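A.B. asks: prediction below, plus the sequence it came from.
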Amino acid sequence: MRSAKFLMRGSRGDENKHATRIVYGILSRMKRLLVIALLICSLAPAFAFDTVRTQHFVFYARPEEQKAATYLAQLADTTVETMAASLGLQVSAVIDVYVVQEFEEFYRARPDAGRLPSWAAGAAWPEKNLIVIFLNRGGNIDKTFMHETHHILLGQAFKGAEHVPRWLDEGLAMAWAGEWSLSRLTTMTMAALAHKLMPMDELAEHFPGDLRTAEIAYCQSFYFIAFLKGQFGDEEFQRFFLEYTKHRDFRGALRLTYHMDWADIEKLWLKYTALHFSWIPLITSTSTMWFLAALLFIAGYIRKKHQGRQILRAWQQEESCSSDTRH
């Protein structure tokens, strides 16, 4: 009996311990879940994005970037529709636009996006209908938005079925956004004079990763579009582009429109760069003329000041001589 009672007491003790462990385990799990919930709640404001919706766009921005996102949203639909009409294209899907300060803010929301160079003011992923615009890079957000929207339109037009030459994609985006500047003219001129221009076939595949060489690549793309339009006319370029988007045959569209092979067009391009990007336009550019005028003004000011000092010394010497005579 003692043994039986002993065994009975032992079984109840094991049951109590087991029940205690179950309760303790449940409480531990609840504690962990509570900690995770509190952590998520504390981090949520940092990752939360407000949205502004239009017909063709959804803008994502945190409260501190909301003003910029709202500003872009007011012009977005008109911009993309005008752009699409000029290219003979249509907006075929809604475009997501993130307006952020830093890349990490965007990456936390869209980890599927690829990494970007530190100098990028914006980026587009046409296959995702996705744009990001950075507000802390010192760029013009209107131009950045138009530039990246153009990339999305081309992506929607070709639907990944054609490898669009990179120079064509970037050059058209820059031309539409009006990204010409004297600094880009100078960059292009100095690159041509230093024989640092890259073959257009190379720029059809990819752009350099470093900022200085990439800037030359962007300038070449912009000016190659300007060369085609200036050499053959805007209407012919639009015809070429429509043929290209319709048949997905870049060289065939060139031959059909311009009645020239790619090799012949490249030869014309080299002549164009030799004529337009030499010492003559650099010397006669408006910025150079203003610089020389400023130098002449400064030189004249220094010369006048020097003459004034010489006259003052002469007067002082005359006064000294006259005072000596009176004594």
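C.D. replies: Looks like it arrived, so ask away. Residues are numbered from 1 along each chain as shown.
A.B. asks: grab the nearest non-local neighbour of Tyr107.
C.D. replies: In this structure, Tyr107 finds its nearest non-sequential neighbour in Ala113, 6.5 Å apart by CB to CB, 6 or more residues apart in numbering. C-betas here are computed from N, CA, C, even on glycine.
A.B. asks: ok, that neighbour touching Phe103?
C.D. replies: No - between Ala113 and Phe103 there is no contact under CB atoms under 8 Å: 9.1 Å.
A.B. asks: tell me, what's touching these two both at once?
C.D. replies: Common contacts of Ala113 and Phe103, defined by CB atoms under 8 Å, 6 or more residues apart in numbering, comprise Val132.
A.B. asks: what's the helix or strand for His151?
C.D. replies: According to DSSP states H and E, His151 maps onto helix 141-158.
A.B. asks: residues near Arg212, how many?
C.D. replies: Arg212: 10 surrounding residues under other CB atoms under 10 Å.
A.B. asks: can you tell me how far it sits from Met190?
C.D. replies: Arg212 is 11 Å from Met190, where distance means CB to CB, to the nearest Å.
A.B. asks: can you show me the helices along the protein?
C.D. replies: Secondary structure of the chain, counting by DSSP state H: helices at 2-47, 66-87, 103-109, 141-158, 166-177, 182-193, 200-205, 211-232, 234-247, 250-258, 262-276, 279-284, 286-326.
A.B. asks: counting by contacts, list what the second one packs against.
C.D. replies: Taking 3 or more CB pairs under 8 Å, 6 or more residues apart in numbering; DSSP states H and E as the contact definition, the neighbouring helices and strands of helix 66-87 are strand 50-53, strand 57-61, strand 95-100, helix 141-158, helix 234-247.
A.B. asks: and the residue nearest to Tyr107, what is it in contact with?
C.D. replies: 106-107, 123, 125, 128, 130, 132.
A.B. asks: turn these into CSV, columns for neighbour count.
C.D. replies: Formatted as CSV, these follow (neighbours: other CB atoms under 10 Å):
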residue, neighbour count
Phe106, 22
Tyr107, 17
Ala123, 22
Trp125, 18
Lys128, 15
Leu130, 19
Val132, 26
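A.B. asks: out of the residues you listed, which is nearest to Val94?
C.D. replies: Nearest to Val94 among the contacts of Ala113, counting by CB to CB, is Leu130 at 10.7 Å.
A.B. asks: is the closest residue to the closest one other than its chain neighbours in a bridge, and if so with what?
C.D. replies: Nearest non-adjacent residue to Leu130, counting by CB to CB, 6+ apart: Asp96, 5.1 Å away. Bridge pairing for Asp96 (DSSP bridges) gives the partners Val58, Leu130.
A.B. asks: separation between Phe163 and Arg251?
C.D. replies: That one is not Phe; residue 163 is His. Counting by CB to CB - His163 and Arg251 are separated by 13 Å.
A.B. asks: should've said Leu116
C.D. replies: Distance, Leu116 to Arg251, by CB to CB: 31 Å.
A.B. asks: higher neighbour count, these two?
C.D. replies: With neighbours defined as other CB under 10 Å, Leu116 and Arg251 compare such that Leu116 has more, 15 against 12.
A.B. asks: so, low pLDDT: which residues of the stretch 151-300 of the chain?
C.D. replies: By pLDDT under 70, the weakly predicted segments of the stretch 151-300 of the chain are 279-300.
A.B. asks: now do the phi/psi pair for the residue nearest to Tyr107.
C.D. replies: Per-residue torsions, Ala113: phi -80, psi 150 (degrees, to the nearest 10).
A.B. asks: can you pull the pLDDT of it?
C.D. replies: Listed pLDDT for Ala113 reads 87.
A.B. asks: please tabulate the contacts of Ala113 in JSON lines, including the columns pLDDT and distance to His276.
C.D. replies: Shown next, in JSON lines, are the contacts of Ala113 (pLDDT from 0 to 100; distance: CB to CB, whole Å):
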{"residue": "Phe106", "pLDDT": "91", "distance to His276": "39"}
{"residue": "Tyr107", "pLDDT": "90", "distance to His276": "41"}
{"residue": "Ala123", "pLDDT": "94", "distance to His276": "30"}
{"residue": "Trp125", "pLDDT": "95", "distance to His276": "34"}
{"residue": "Lys128", "pLDDT": "94", "distance to His276": "38"}
{"residue": "Leu130", "pLDDT": "96", "distance to His276": "37"}
{"residue": "Val132", "pLDDT": "96", "distance to His276": "34"}
